[in-house]
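>>> fold the following.
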Amino acid sequence: MFYSLKIELSILIVISTAVAFVMAWVLLKLGLSGWIAMPLTLIVALGITYLFARGLIAPLREMRDAAEAMADGDYTVRVKTGRNSNDEIGQLSRSFNEMAEELQHADQMRTDMVANVSHELRTPVSALQAMLENLADGVVEPTPANLEGILNQTHRLSDLIAFLLDLSRMEAGAASLNIERFDVAEFLDDTLKPLEIADAGHAHDITLQVPEGLSIEGDQDRLRQLFTNIISNALKHSADGTAVLIEARVDPDDHTVVTNVVNSGSQIPYASRSDIFRRFVKGKTGPGTESGGTGLGLSIARWAAQLHGGSIRVVDDPRGANFEIRLPQHHVSDDDTPTSEDNRAESRA
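Numbering: from 1, shown residues only. Next comes the predicted model:
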């Protein structure tokens, strides 16, 4: 009802004082002595104040109990805000609930991360162990095909470890950039070559459209991570024989290089467009089936874009899922960019 706790307390004091005054006047009119009237008046005034104050601070007691429950690991508790809780305590209650929700999400992410990392590591390790045991026991011969299978599993382990290292850098805010100017068309063409080789057999029609002479300033290794993850994601979620379009242009309004990676046919629901950039969230390759990746690729791609002052988002496109990557054409100077040491110092603070 009221938007300030000070107003509510002021009204409580006025009501208590008025009740005490009227009661004292009535008791004195009835002929009671002041020694009897005053204690009765004080008791009634204190009772009224206690009852009203108890209702005002009820959310504070709930927050105390909720904080104790959260300290014991229960992040599902919430504080009831009431219908007209627009004062400072009501705002504090809503902020507390938002904090509890964030902590619950962080705890769930931590649990999911441990489970996902354990699963992702166990799968290639188990496969490697089985292959090597078969080779050691003489069950299978060390043929090129068998050795290639072992090599593929080691590559998978190496990729996962690289993802986890990038994740740790992302958490620590520590990442150095080797800034240089390079041609966008040549860079994307070089990035596509190993992806096209890996995609052999799926018959995807990969088209690259980049204006001649378009250049950008950035760290090629980090940006190669970015585009490799985005393009790989597009190929992975495209049906065999469909088209994948990669087109780049300069936005004259803010001097950014805008790259769109579009895979034909498939669409990403609005509700999932922000979730897919979360860590360990895996996309769907079909009804009820997960992509089978680590769930880190898009998260690391967004991190690499943010390191360059850019962004990644999914935009509406009737052709299919469209990932729009915006990167500043000219990188900001080192004086304006926090260094790795600065980031680590901020993390410690």
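>>> residue contacts, the residue positioned nearest the centre of the chain?
Centrality entry for the chain: nearest residue to the mean C-alpha point is residue 278, 4.8 Å, by C-alpha atoms, centre = their mean. Contacts for residue 278 (C-beta atoms under 8 Å, 6 or more residues apart in numbering) come out as 109, 299. Where you see a C-beta, it was placed from the backbone N, CA and C, and this is true even at glycine.
>>> strands of the stretch 101-250 of the chain, start to end?
180-183, 205-209, 215-218, 243-251 (DSSP state E, counting those that start in this stretch).
>>> so which of the ones you listed is the most surrounded?
By mean neighbour count, with neighbours taken as mean count of other C-beta atoms under 10 Å, strand 215-218 ranks first of the strands of the stretch 101-250 of the chain at a mean of 20.
>>> how is this protein carved up into domains?
5-102, 114-172, 180-335 (automatic domain parsing).
>>> take the ones you listed and lay them out in TSV including distance to residue 108.
As requested, those are arranged in TSV below (distance: least, C-beta to C-beta, whole Å):
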stretch	distance to residue 108
domain 5-102	8
domain 114-172	11
domain 180-335	11
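>>> any chance of CSV for the ones you listed, columns mean pLDDT?
Converted to CSV, the domains of the chain look like this (pLDDT from 0 to 100):
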stretch, mean pLDDT
domain 5-102, 76
domain 114-172, 78
domain 180-335, 83
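>>> residues in contact with the residue nearest to residue 205 when sequence neighbours are not counted?
Using C-beta to C-beta, 6 or more residues apart in numbering and skipping residues adjacent in sequence, the residue nearest residue 205 is residue 243, 4.3 Å away. With contact set as C-beta under 8 Å, 6+ apart, residue 243 has these partners: 204, 205, 206, 207, 263, 264.
>>> could you redo the last one with a cut-off of 7 Å?
205, 207, 264 (C-beta atoms under 7 Å, 6 or more residues apart in numbering).
>>> could you do residue 49 as well?
Contacts of residue 49 (C-beta under 7 Å, 6+ apart): 12, 16.
>>> let's see that with 8 Å instead.
Taking C-beta under 8 Å, 6+ apart as the test, what residue 49 contacts is 12, 13, 16.
>>> residue 258 now?
248, 249, 250, 251, 324, 325, 326.
>>> now it, which residues is it bridged with?
Counting by DSSP bridges, residue 258 is bridged to residue 249, residue 326.
>>> any idea how far it is from residue 14?
62 Å (C-beta to C-beta, to the nearest Å).
>>> kindly report the same for residue 272.
From residue 272 over to residue 14 (counting by C-beta to C-beta), the distance is 54 Å.
>>> same check, this time on residue 75
41 Å.
>>> neighbour count: the two, which is higher?
residue 75 (19 against 10; other C-beta atoms under 10 Å).
>>> ok but the more buried one is inside a strand, no?
No. Checked against DSSP: H, G, I helix; E, B strand; the rest coil, residue 75 lies outside a strand; its state is coil.
>>> residue 178 touches residue 218, doesn't it?
No. Using C-beta atoms under 8 Å, residue 178 is not in contact with residue 218; the gap is 9.1 Å.
>>> out of the domains of the chain, which one sits most buried?
Sorting the domains of the chain by mean neighbours (by mean count of other C-beta under 10 Å), the first place falls to domain 180-335, with a mean of 16.
>>> where's that one relative to the chain centroid, distance-wise?
Its chain's C-alpha centre and that of domain 180-335 lie 19 Å apart, by C-alpha atoms, centre = their mean, to the nearest Å.
>>> which ones among the contacts of residue 49 are found in helices?
Here DSSP state H is the test, and these give 12, 13, 16 as lying in helices.
>>> host element of the closest residue to the first one other than its chain neighbours?
It refers to residue 12. Spatial nearest neighbour of residue 12, chain neighbours left out: residue 52 (4.9 Å); criterion: C-beta to C-beta, 6+ apart. Using DSSP states H and E, residue 52 falls within helix 34-56.
>>> how far away is the residue nearest to residue 205 from residue 191?
18 Å.
>>> could you do residue 64 as well?
Taken as C-beta to C-beta, the span from residue 64 to residue 191 is 55 Å.
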